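In: A predicted structure for the sequence below; I have some questions about it.
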Amino acid sequence: MRILSGIQPSGKLHLGNYFGMMKPAIELQARGQAYLFIANYHALTSVADPARLRADTWDVALDFLACGLDPEKTIFFRQSDVPEVTELTWLLSIVTPMGLLERCHSYKDKLAKGIPASAALFNYPVLMAADILAYQSHIVPVGRDQKQHVEVTRDIAVKFNNTFGEIFTIPEPSIAETVAVVPGLDGQKMSKSYGNTIELFGDPKEARQRIMRIVTDSTPLEAPKNPDACNIFALYKLLATEDEAADLAARYRAGNFGYGTAKKALADKLESTFAPLRARRQELARDPDRVEAILQHGAERARAEARRTLDAARRAVGIA
Ligand code: ADP
Ligand code: TRP
């Protein structure tokens, strides 16, 4: 089974990104042949700063490798290192009705926000269809917001197959309903845009200071506390083992336990979890040739597959 997903490079990762997206993406490598790519062609629809795009793309590569992505198991690459997908986008656009793209929520939301619509923004789902279909993917794990794009991909693939012959595997979206929303410092969803994040690979001292700012209620020190209503505990639970979490929960319930102590336990846990990954990330950052070689190796494997699909599609439409 082939499982494929793409991630847009979008700056410094936080705990919400880690538990909501990275960890599940890395775990795909155990479920089948996983393809994971950094969607830098897609990012061009919203970033017009070449230095930033380059830096963000590189950061995502380092982040995934440091967090345990095994480049032998997962085919890990930069989208733009497989230019075959742009040619395939053209062939797919031939069978893509305008109306299908006009109905896409993510496009409509951007228009509603007053973001000027480029042809690239409009065609974004066709490029995404090419990403998925080029590798004959079976399963596409995505967040809720991307489900419609996978449905559009299915429509395009069916229409192409009906018009020109059976070229493409019809993919299924897979939506991880089980991934809980990770709360931020203020209890809202952790998000860059709310300024309530704890970064994965930021300065550990700053992470500690930010943890001290987590909002709590005003239950007095002596009184028993409810761990399940506390943001500190929600974050601790994600990082700790079941026994460690049960232990901390018991201390909450026993009373005579302050939120300051819980914050310290969370900060220590964060540090002990990410220190080894940070060290690995620093080691990789010092060896850019090795990281580049990993991405090139992934691109070669991906490209061979994309080439096969593109050649079949070219023959099917009559240009080869
Ligand atoms: P942000 O909200 O910080 O801008 P993005 O929208 O770029 O984050 O999210 C990138 C990925 O991380 C998405 O797949 C999203 O589902 C996941 N993600 C982001 N924040 C959280 C969160 N607080 N809890 C769970 N998953 C999250
Ligand atoms: N559009 C996706 C996002 O913003 C990223 C993406 C690009 C993708 N191509 C893909 C995801 C193909 C899954 C499959 O999250």
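Out: That came through, no problem. Ligands and ions are numbered 1, 2, ... in the order given.

In: mind listing the strands for the stretch 151-300 of the chain?
Out: 172-175 (DSSP state E, counting those that start in this stretch).

In: residues in it within reach of ligand 1, list them.
Out: Residues of the stretch 151-300 of the chain lying near ligand 1 by C-beta under 6 Å from any ligand atom: 179, 181-182, 189-193. C-beta here means a position set from N, CA and C on the backbone, and glycine is covered the same way.

In: need the buried ones from the residues you listed selected in ChimeraX.
Out: This is the ChimeraX syntax for the buried subset of those, where burial follows 16 or more other C-beta atoms under 10 Å:
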select :182,190,192
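
In: check contacts around the residue of the stretch 201-320 of the chain found nearest ligand 1.
Out: Ligand 1 sits closest to Leu238 of the stretch 201-320 of the chain, with a gap of 9.9 Å, by C-beta to the nearest ligand atom. If you count contacts by C-beta atoms under 8 Å, 6 or more residues apart in numbering, Leu238 has them with 15, 19, 182.

In: just the helices in the protein please.
Out: 15-17, 23-27, 40-43, 50-66, 84-93, 98-102, 105-112, 119-134, 147-164, 204-212, 231-239, 242-254, 259-285, 288-317 (DSSP state H).

In: for Leu4, find the nearest of those helices.
Out: Among the helices of the chain, the nearest to Leu4 by C-beta to C-beta is helix 119-134 (6.0 Å).

In: which residues are in contact with stretch 169-176?
Out: Stretch 169-176 is contacted from outside by 2-4, 24, 132-133, 136-144, 146-147, 150-151, 153-154, 157-158, 161, using C-beta under 8 Å, 6+ apart.

In: report pLDDT for Lys269.
Out: Listed pLDDT for Lys269 reads 97.

In: correct me if wrong: it contacts Phe233.
Out: No: contact criterion C-beta atoms under 8 Å: Lys269 and Phe233 do not qualify, at 11.3 Å.

In: how many neighbours does the closest residue to ligand 1 within the chain have?
Out: As assessed by C-beta to the nearest ligand atom, ligand 1 sits closest to Gly20 within the chain, at 1.9 Å. When neighbours are counted by other C-beta atoms under 10 Å, Gly20 registers 19.

In: near ligand 2, which residues of this protein?
Out: 4-6, 8, 39, 42, 128, 131-132, 140, 142, 146.

In: can you pick the most crowded of those residues?
Out: Counting neighbours by other C-beta under 10 Å, Ile132 leads the residues of the chain next to ligand 2 with 30 neighbours.

In: who's whichever residue of the chain sits closest to ligand 2 bridged to?
Out: Going by C-beta to the nearest ligand atom, ligand 2 is nearest to Gly6 of the chain, at 3.0 Å. Beta-bridge partners for Gly6, by DSSP bridges, are Phe37.

In: residue contacts, it?
Out: For Gly6, the contacting residues are 36-39, 42, 79, 128, 131, by C-beta under 8 Å, 6+ apart.

In: what is the nearest of the residues you listed to Asp247?
Out: Nearest member of those to Asp247, counting by C-beta to C-beta, is Leu36, at 35.4 Å.

In: that closest one touches Leu65, doesn't it?
Out: No: the pair Leu36 / Leu65 is not scored as a contact, 11.1 Å apart, by C-beta under 8 Å.

In: between the two, which contacts overlap?
Out: Shared contacts of Leu36 and Leu65 (C-beta under 8 Å, 6+ apart): Phe76.

In: break the chain into its domains for me.
Out: 2-181+288-317, 192-282 (automatic domain parsing).

In: low-confidence ranges, the stretch 51-200 of the chain, go.
Out: Under the criterion pLDDT under 70, the flagged ranges of the stretch 51-200 of the chain are 177-179.

In: what's around the nearest residue to Ala245 once chain neighbours are set aside, how many residues?
Out: Using C-beta to C-beta, 6 or more residues apart in numbering and skipping the chain neighbours, the partner closest in space to Ala245 is Lys237 (4.7 Å). Lys237 has 21 neighbours, counted by other C-beta under 10 Å.

In: also Glu292?
Out: Neighbours of Glu292 using other C-beta under 10 Å come to 13.

In: Tyr35 against Ala134, yeah?
Out: No: using C-beta under 8 Å, Tyr35 is not in contact with Ala134; the gap is 9.4 Å.

In: the residue of the chain closest to ligand 1 contacts Val182, doesn't it?
Out: Yes: between Gly20 and Val182 there is a contact under C-beta under 8 Å: 6.2 Å.

In: need the contact list for Phe168.
Out: Shown in contact with Phe168 (C-beta under 8 Å, 6+ apart): 133, 136, 157, 160-161, 309.
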